[in-house]
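Peer 1: Give me a 3D structure for the following:
(chains A, B and C)
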Amino acid sequence: MTLNTSRSTFQNKTPSSVSCEVCMNKTCLIKRNLQTLSNSKFVNQKRTLQIKKGQQFIIEGAPVNGLYFVKQGKVKVFRTGINGKEHIVRFANEGEIIGHRGFGTGDSYSIGAIALEHSVLCCFSKQMLQDVLLENPRFSYDMMLFYANELNKSEAKVKSLSQMMVRERVADMLLYINRKFGSTNGFINLPLSRKEYADYTGTSDEQIIRIFSALKKEKLIIARGKKIGILNIDALKKEISAHNFFLDS
DNA sequence: TCATTAATCGCAC
DNA sequence: GTGCGATTAATGA
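Peer 2: Next up is the predicted model:
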């Protein structure tokens, strides 16, 4: 039985391909279920991609060819709206899944994805994944948890966009990014432009700059070039405490 | 170094 | 609060 007949890109494994057995990424859904998946040949049929910084690897509207797992690096997922304004749906860290919305009924991606830094992705074809989901309940359950979580976060984001002031959204975002990506030397480990901050919070870059400089004056954050650092996490939390929820992990 | 791009600020609406 | 445009800082060829 040949699963992939005419998918030329999937047929030759790239030399840089790393087997899941030796992968060090503990957060990866595949890696976590490797015991139950080991008898399946599917983990060997993945494709490993090297993505350069700023390179787009999922195009909006393009036909779905598979799901991507971030082995290494950071990625932004976005959706373009009216007159080319892009809205960043989420940021994906190592071990996360991208393109899962195009899975199932959809035949084309509803989102685009760009690497924020040099990244390594593992790509599984839609067909392979479907087969595995059907025969492996344990893995399917894990996937379902992931989907439920994504939906929850998505709903939380709707609330934040509709009910919070811009300043609160910025504070919320900074806390979220800080928790998710961590920081070194007091600066958040995510090289984002002001525009990208704006695209995530649903405002303009000017607005972000204004909020940032206000927060700088109040000694809540510091900014050096592109790098942003949080000085007072508790004060930022107080900003959004009226809504008593935080966009979690 | 110069050229291109991003960040910042002021101003009008 | 929002968006345009000029100025300045930062980055890349």
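Peer 1: Give me the next element, helix or strand, following whichever strand or helix holds residue A:176.
Peer 2: Using DSSP states H and E, residue A:176 maps to helix A:166-181. Note on helix A:166-181: by DSSP H and E, the next helix or strand toward the C-terminus is strand A:183-184.
Peer 1: quick one: strands adjacent to that following strand?
Peer 2: The pairing partners recorded for strand A:183-184 under DSSP bridges are strand A:187-188 (antiparallel).
Peer 1: Looking at the strand it pairs with now, give me its mean pLDDT.
Peer 2: Mean pLDDT, strand A:187-188: 88.
Peer 1: got a list of contacts for that strand?
Peer 2: If you take C-beta atoms under 8 Å, 6 or more residues apart in numbering as the criterion, strand A:187-188 is touched by A:174, A:177-178, A:181-182, A:224, A:227-230. From N, CA and C alone the C-beta is placed, and that goes for glycine too.
Peer 1: Now do the contacts for the residue nearest the centre of chain A.
Peer 2: For chain A, the residue sitting closest to the mean C-alpha position, by C-alpha atoms, centre = their mean, is residue A:92 at 1.9 Å. Residues in contact with residue A:92 (C-beta under 8 Å, 6+ apart) are A:70, A:74-77, A:98, A:113.
Peer 1: when you check these against the helices, which ones overlap?
Peer 2: With DSSP state H as the criterion, helices contain none of the contacts of residue A:92.
Peer 1: Closest to residue A:186 out of those residues?
Peer 2: residue A:74 (19.0 Å; C-beta to C-beta).
Peer 1: That concludes my questions; thank you for your assistance.
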